[in-house]
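> Predicted model and sequence below, questions to follow.
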Amino acid sequence: MRDGARRDRQRIIGLTLVWLVCGILWGYCLPQPAEAQPDDPIIYKPPKRGAPGGREGAGTRGFRESLPTLAVLAPKDHTGLTVQEQPGLYWYLSQETRDPVEVILTDRQSVKPLLAIRLNPPLQPGMQRVRLADYNMHLAPGVLYKWSVSLVRDEAQRSYDVRTAGTIERTELPNELRKQLVQANKITSARLYATAGLWYDAIAALSELIDTRPQDTTLRQQRATVLEQEGLTAAAAYDRQRK
């Protein structure tokens, strides 16, 4: 009897090992989801709820000379989202300017601007950034904000300003995305933000990477790809031409 029981136990153990090995081999044989490579294009997917707002192009009048191109890095036909309480606001300047630049942040409830910054010349061409944290400015969740960048050509004639504007709204970070970001590096974070429709966070993640690795042309190509998806062709061209 004891020998029979022992043989039964050995048979069960043997079958269990066979099932385990088969399960492991089956897992290896199944097609695995392809992981995104660092140089795969980052695709921005606008949020489904489509908050109103969007980018306003720079307008000028009264001057015949060549003027810099200004562009806020914001979506063209909807409000860009962020999960940050104090995000960075990025904008593009095509050439050096000797005129001051004014950055304004407003909401629908306030009569006066929430933030008004004067950037004194000279300003160098390229991507520019205003950190709200530097001015102790906090965005409230669910509030639509408008921010603008103006090149002040004539203090006495503000209608001559070169002005561009965009909108931004702070939203909550989805739990699933929060879990994914824990293990993600910066480039993966940018990809996750873009897929989740978090425009400003995707741009910030890419821009911060570029700041740390300015000679990495792949990163600039990635940012250019994202910018082109929202019609920011001049800013994208600047990135693609950088060596």
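That came in fine, so what should we check first? Numbers count the residues shown, from 1 in each chain.

> can you count the residues close to the closest residue in space to Pro121 that isn't next to it in sequence?
What sits nearest to Pro121 in space, not counting adjacent residues and going by CB to CB, 6 or more residues apart in numbering, is Arg98, at 4.7 Å. From N, CA and C alone the C-beta is placed, and that goes for glycine too. The local packing of Arg98 (other CB atoms under 10 Å) involves 7 other residues.

> pretty sure Arg98 is touching Pro122, no?
Yes - with contact defined as CB atoms under 8 Å, Arg98 counts as touching Pro122 (5.7 Å).

> which residues are in contact with both of the two?
Here Arg98 and Pro122 share no contacting residue, scored by CB atoms under 8 Å, 6 or more residues apart in numbering.

> Residue ranges in this protein under the pLDDT threshold?
Residues of the chain meeting the criterion pLDDT under 70: 1-38, 50-51, 58-65, 243.

> if you set the cut-off to 80 instead, what comes out?
For the chain, the stretches with pLDDT under 80 are 1-39, 49-52, 57-66, 243.

> Which parts of it are strands?
Here the chain has its strands, by DSSP state E, at 56-59, 70-72, 80-82, 88-93, 101-107, 115-119, 126-131, 144-151, 162-170.

> among those, which is nearest Leu192?
Proximity to Leu192 (CB to CB) singles out strand 80-82 among these, at 13.3 Å.

> State the number of residues packed around the nearest residue to Leu119 once chain neighbours are set aside.
Closest residue in space to Leu119, ignoring its immediate chain neighbours: Val101 at 4.4 Å, by CB to CB, 6+ apart. Counted with other CB under 10 Å, residues neighbouring Val101 total 23.

> Same check on the one 5 residues further on?
Thr106 is surrounded by 18 other residues when neighbours are defined as other CB under 10 Å.

> what does Ala74 give?
Ala74: 27 neighbours (other CB under 10 Å).

> any idea how far the residue lying closest to Arg220 once chain neighbours are set aside is from Val103?
Closest residue in space to Arg220, ignoring its immediate chain neighbours: Asp239 at 4.2 Å, by CB to CB, 6+ apart. The spacing between Asp239 and Val103, counted by CB to CB, to the nearest Å, is 21 Å.

> ok, now Tyr238?
For Tyr238, the distance to Val103 - CB to CB - is 19 Å.

> ok now do the residue nearest to Arg220, which residues does it touch?
Asp239 sits next to 127, 220-221, 223-224, 227 when contact means CB under 8 Å, 6+ apart.

> make it 6 Å
Neighbouring residues of Asp239 by CB atoms under 6 Å, 6 or more residues apart in numbering: 220, 223-224.

> Go through stretch 69-81 and flag the buried ones.
Buried residues in stretch 69-81, counted by 16 or more other CB atoms under 10 Å: 69-75, 78-81.

> Correct me if wrong: the residue nearest to Leu119 contacts Pro121.
No - here Val101 does not reach Pro121: they are 7.8 Å apart, not a contact under CB atoms under 6 Å.

> Alright, I will stop here.
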